[in-house]
Structure formats: C-alpha cells, structure tokens
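Visitor: Sequence first, predicted coordinates after that:
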Amino acid sequence: MFIEQPGWLLTTLYKSAVWRKNPAEKKIYLTFDDGPIPGVTPWVLDMLKELGIKATFFCVGDNVRKYPEIFERIKAEGHSVGNHTFNHFSGFHWDYETYIKNVNEADLLIQSNLFRPPRGHLTWLQYRRLRKKYQVVMWDLITRDYNVSLKPEKILNIVKKYARNGSIIVFHDSLKSERNMKYAMPKAVEWLLAEGYKFERL
C-alpha cells in the first residue's frame, strides 16, 4: 500500500498539491504520464473514445516536440493536458535552476496550469516555486503498470483494491508500461463504471 497510495508524510509535506479529489463524490480522475508516443498514446485515445470517458495526460515536453500531431489529438478529443517536465527530470537529481528551466521549457509547448513531477520527485524549494504558477498534481493511486516484473492481472487488481471516491489514478502511456497498461486500463475502467463511478478530467 505504501507504493500504491501515498503515505501521510508526503501528503502533509506537500499539502497544497492535489492528491485526491472530493471523497464525498463517486468520481475517478484517470491520468496518464510520460507520453505522447506513437502506438501507445493513439491506442489509449481510441480506447477512451470507445469507453466514453475523458482523462488527463501529463506530457513530456520533448515528446510533444517530436509528436505534435498526437498532442493535438489529445486536446481535440476533449482530454486535459499537464506538464511533466521537458526531459522527464527527477527533481531529486537536478539542481533548482536546471529543474525549473526544464519545466518552463515544457510549458512553452504544453501551456497548462497543471504540473506533475516525474516519479513524484520534487524538492521543497522546487515545489515552493512551482506551486506559484502551477497546480501540482500527485495521485491517490499509482497502478505500477511500469513494473515489468508484475503481471497485467496484478495491475488490474491494484486498481480494484485501492480505487475510492475522488481517486486520481496513474497509468502510463509509455513503451515500458504498454503490456500492463493495455490489459489493465480498459478492464479497470469497465469495472469502475460498473461500480457506479463517473470519470472526470482534472
């Protein structure tokens, strides 16, 4: 559970970040990190259209630069977009100025007030700076679809076990996550819809 859902220390330390939406409302906020990339992101968009729901895509700026047509399709089909840095930088591995510069470089292409740090890694100083310009969005449930040692069925079961009212759920539209995500995401959405949840964008 420590991996799938954030602990109290993190949510307290970064308390103005969005970890979960209203727990009184039976709503789910589906998000995707790391795209857009050919093959995976278009498949996700096709599936979301088939399922009849909207999601939020936290995009890597360099991927937006390389695949602008996919990025434009995300927006054209009514999904929300957010900033995920230009080079998928971990805030723990880069100095303050370099990290902020990378986020701002991505903003030139993405132009969103939503920001999610890759891996959730963000120093306190970086966080203080970024929250002045962006709504920092974390998560209530991370599916671990990126873990290639886990079976796709395990990813689905993680969603079934931990999803709750107001959950912000993270999948990844990346090559590393492709196998697990393509199996688990549609089945998870169908299960959540059957449980009476509504899906909304951030």
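Guide: All right, it came through fine.

Visitor: Please determine how far the residue nearest to N83 when sequence neighbours are not counted is located from T85.
Guide: Among residues not flanking N83 along the chain, F115 sits closest, at 4.6 Å (CB to CB, 6 or more residues apart in numbering). No exception for glycine: its C-beta is placed from N, CA and C like everyone else's. Relative to T85, F115 is positioned 8 Å away (CB to CB, to the nearest Å).

Visitor: what's the answer for E69, then?
Guide: Taking CB to CB, one finds E69 at 21 Å from T85.

Visitor: And the next helix or strand past the lowest-mean-pLDDT helix or strand in the chain?
Guide: Taking mean pLDDT, DSSP states H and E as the measure, the chain has helix 8-13 as its least confident helix or strand, at a mean of 79. Per DSSP states H and E, the first helix or strand lying C-terminal to helix 8-13 is strand 27-33.

Visitor: Pull out the buried residues from that following strand.
Guide: The neighbour-count check on strand 27-33 (16 or more other CB atoms under 10 Å) flags I28, Y29, L30, T31, F32, D33 as buried.

Visitor: cool, and stretch 97-112?
Guide: Y99, I100, N102, V103, E105, A106, D107, L109, I110, S112.

Visitor: In a markdown table: those residues, plus distance to M47 and secondary structure.
Guide: Output for these, formatted as a markdown table (distance: CB to CB, whole Å; DSSP: H, G, I helix; E, B strand; the rest coil):
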| residue | distance to M47 | secondary structure |
| --- | --- | --- |
| Y99 | 33 | helix |
| I100 | 35 | helix |
| N102 | 30 | helix |
| V103 | 29 | helix |
| E105 | 30 | helix |
| A106 | 25 | helix |
| D107 | 28 | helix |
| L109 | 25 | helix |
| I110 | 22 | helix |
| S112 | 22 | coil |
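
Visitor: Tell me which helix or strand E50 sits in.
Guide: Using DSSP H and E, E50 falls in helix 40-51.

Visitor: do G82 as well
Guide: strand 80-83.

Visitor: now swap in K75 and tell me
Guide: helix 68-76.

Visitor: what helices or strands is that helix leaning on?
Guide: Helices and strands touching helix 68-76, as assessed by 3 or more CB pairs under 8 Å, 6 or more residues apart in numbering; DSSP states H and E, comprise helix 40-51, strand 56-59, strand 80-83.

Visitor: any idea of the pLDDT on the residue lying closest to W94 once chain neighbours are set aside?
Guide: Closest residue to W94 apart from its sequence neighbours, by CB to CB, 6+ apart: N102 at 7.2 Å. The model reports N102 with a pLDDT of 98.

Visitor: my guess is M47 contacts A184, does it?
Guide: No. Applying CB atoms under 8 Å as the test, M47 and A184 come out as separate, 11.5 Å apart.

Visitor: So if I had to pick from those two, which one is more boxed in?
Guide: A184 (26 against 15; other CB atoms under 10 Å).

Visitor: Count the neighbours of the nearest residue to the more buried one once chain neighbours are set aside for me.
Guide: Nearest non-adjacent residue to A184, counting by CB to CB, 6+ apart: I155, 3.8 Å away. If you count neighbours by other CB under 10 Å, I155 ends up with 25.
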